[in-house]
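Trainee: Have a look at this prediction, sequence included:
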Amino acid sequence: MLKKELRIRKQKDFDNIFSKGAYFSEKFLALKVVKNDLEISRFGFIVSNKISKKAVERNRIKRLLRETVRLKQNKIKSGFDAIFIFRGKEVEKSFEDVDAIVEKLLKRSGLLK
């Protein structure tokens with residue numbers, strides 16, 4: 001599980017990232033990134049009700065994303081806030097699919113060391 005201090009939870013932080021962040025997109029996932037003044041990188045995860053009306057399916061996608069980020073945490077540069085936005089139509093994604101797309105997005109955004 002991704003530690004609490006590594007998660008973005010406040011609405012003002014989400015608003016700041018959406019207004020000032022750089023946007024990257026790949027297949028079924030999008031990433032918004034902005035620098036922060038902290039010594040850690042924090043992450044938020046969004047899966048809309050439009051993706052699935054079932055909370056179970058939305059939460060599964062968020063768990064996959066959080067676990068992928070947790071496993072890559074030591075490779076990610078510090079000092080950034082990032083939001084992953086799931087934009088796929090199909091909710092049945094494997095861990096390998098999600099992991100590959102997250103890796104591509106982190107490389108394109110320059111967040112990987």
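Mentor: Perfect, thanks for sending it.
Trainee: by contact count, what packs against the host helix or strand of V34?
Mentor: Taking DSSP states H and E as the criterion, V34 maps to strand 29-35. The contact analysis (3 or more Cβ pairs under 8 Å, 6 or more residues apart in numbering; DSSP states H and E) places strand 29-35 against helix 11-20, strand 22-26, strand 80-86, helix 95-109. All C-beta atoms are positioned from the backbone trio N, CA, C, and that covers glycine.
Trainee: Looking at the ones you listed, which one is packed in the most?
Mentor: Mean neighbour count (mean count of other Cβ atoms under 10 Å) peaks for strand 80-86 among these, with a mean of 22.
Trainee: Could you tell me the angle between that one and strand 29-35?
Mentor: With axes from the mean of the first three to the mean of the last three Cα atoms, to 10 degrees defining the directions, strand 80-86 sits at 160 degrees from strand 29-35.
Trainee: just the angle between strand 80-86 and strand 22-26, please?
Mentor: 40 degrees.
Trainee: what lines up beside strand 80-86 in the sheet?
Mentor: strand 29-35 (antiparallel), strand 42-47 (parallel) (DSSP bridges).
Trainee: want to throw those strands into a markdown table with mean pLDDT, mean neighbour count and distance to V69?
Mentor: Output for the strands paired with strand 80-86, formatted as a markdown table (pLDDT from 0 to 100; neighbours: other Cβ atoms under 10 Å; distance: least, Cβ to Cβ, whole Å):
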| stretch | mean pLDDT | mean neighbour count | distance to V69 |
| --- | --- | --- | --- |
| strand 29-35 | 97 | 19 | 11 |
| strand 42-47 | 97 | 20 | 5 |
